[in-house]
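S.K.: Pasted the sequence and its predicted model underneath.
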Amino acid sequence: MDDREFSDSIRKELASRDETASFLREHWSHHADAGSDLAEDETRFPDIWAATVARRLLLHANECIEAGSLLMLNGDWAVPQFALLRAVYESAGSAVWLLQPEDADVRLARLLSQHRESWRYSEKAYRGAPLDVSEQEQRQRWADSAAARLGLDLKSAKAGGYEKLIEAVDDLPAHPESLLTAWRLCSGVSHAKTWALNEVTTEIGSHAMYEHGRVSQRIPNRELFLTDLRIARRTIQHAFVLYRIRTTARPHDLVLRLVRLDADGSEVPD
């Protein structure tokens, strides 16, 4: 794949999620329409707006996919772009996890559970400084109290870490473009795991340094980056469609459907 073809492929992927990026830019204060699923959730529990949380996750995912693409287009970095794709998977995947349930109780329980988990992690971070963690402790107690008041079980709503969360929202399990597989690879890159670094790069030269030791010259694996970029774009679109479904007043005719396309953009039958 030459430079021009590679650059065009990246720009094509970014352009295909322009609707999402444009909507977020133009409707920066967008909120759930009256009569929508999330508006009803917020009437029941007005203290945290799920639409705002989901929009923030989508904004983060869009910035990270653009930044990762810029690293591939404009630099010689071998691996940090894959770490940015991991951030896309986690942010967009979290939005899917929050918005996917049809049951309002499950959506609210997940919203509160995520809120509580965020402050629990904040407490761990602040304790390491050490800094005052009274606010973090108070917010966790508040989440427990709110759940009890609403009759929600937060334990059953815990994601259980990003790997389990991503597995729960993977729309192509056991497929070469599985979200979970891509997340595991990019997570491995984030932690500089040898197997992952070898996977996302291609060796173009090496020479022996000592017995059993070689210096390897490597460049990013362009084909693999494009695959992981497609998965990131797909996950953002997945989250955005759910966002529109949940924030649009009912009745509406919006539905979520995964459509598989071939290289020419034609639909592939199941």
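M.R.: Nice, thanks for sending it over.
S.K.: Now tell me what touches the helix or strand where Leu185 lies from outside.
M.R.: For Leu185, the host element (DSSP states H and E) is helix 179-190. For helix 179-190, contacts defined as CB atoms under 8 Å, 6 or more residues apart in numbering pick out 79, 82-83, 85-86, 89-90, 93, 162-163, 166-167, 169-173, 195-197, 199-200, 227-228, 231-232, 234-235. To be clear about C-beta, it is placed using only N, CA and C from the backbone, and glycine gets the same treatment.
S.K.: could you flag which of those residues are buried?
M.R.: Buried residues within the contacts of helix 179-190, counting neighbours by 16 or more other CB atoms under 10 Å: 79, 82-83, 85-86, 89-90, 93, 162, 166-167, 169-170, 172, 196-197, 200, 227-228, 231-232, 234-235.
S.K.: so of those residues, which ones are in helices?
M.R.: Here DSSP state H is the test, and the buried ones among the contacts of helix 179-190 give 82-83, 85-86, 89-90, 93, 162, 166-167, 169, 196-197, 200, 227-228, 231-232, 234-235 as lying in helices.
S.K.: ok, and the closest non-adjacent residue to His57?
M.R.: Wrong residue type there; residue 57 is Leu, not His. Nearest residue to Leu57, sequence neighbours excluded (CB to CB, 6 or more residues apart in numbering): Ala95, at 4.2 Å.
S.K.: distance of the one you found from Leu111?
M.R.: As judged by CB to CB, to the nearest Å, Ala95 and Leu111 stand 11 Å apart.
S.K.: Please name the strands paired to the helix or strand of the chain at the bottom of the mean pLDDT ranking in the sheet, noting orientation.
M.R.: Within the chain, no helix or strand scores below strand 213-220, which has a mean of 84 by mean pLDDT, DSSP states H and E. Here strand 213-220 is paired, per DSSP bridges, with strand 201-210 (antiparallel).
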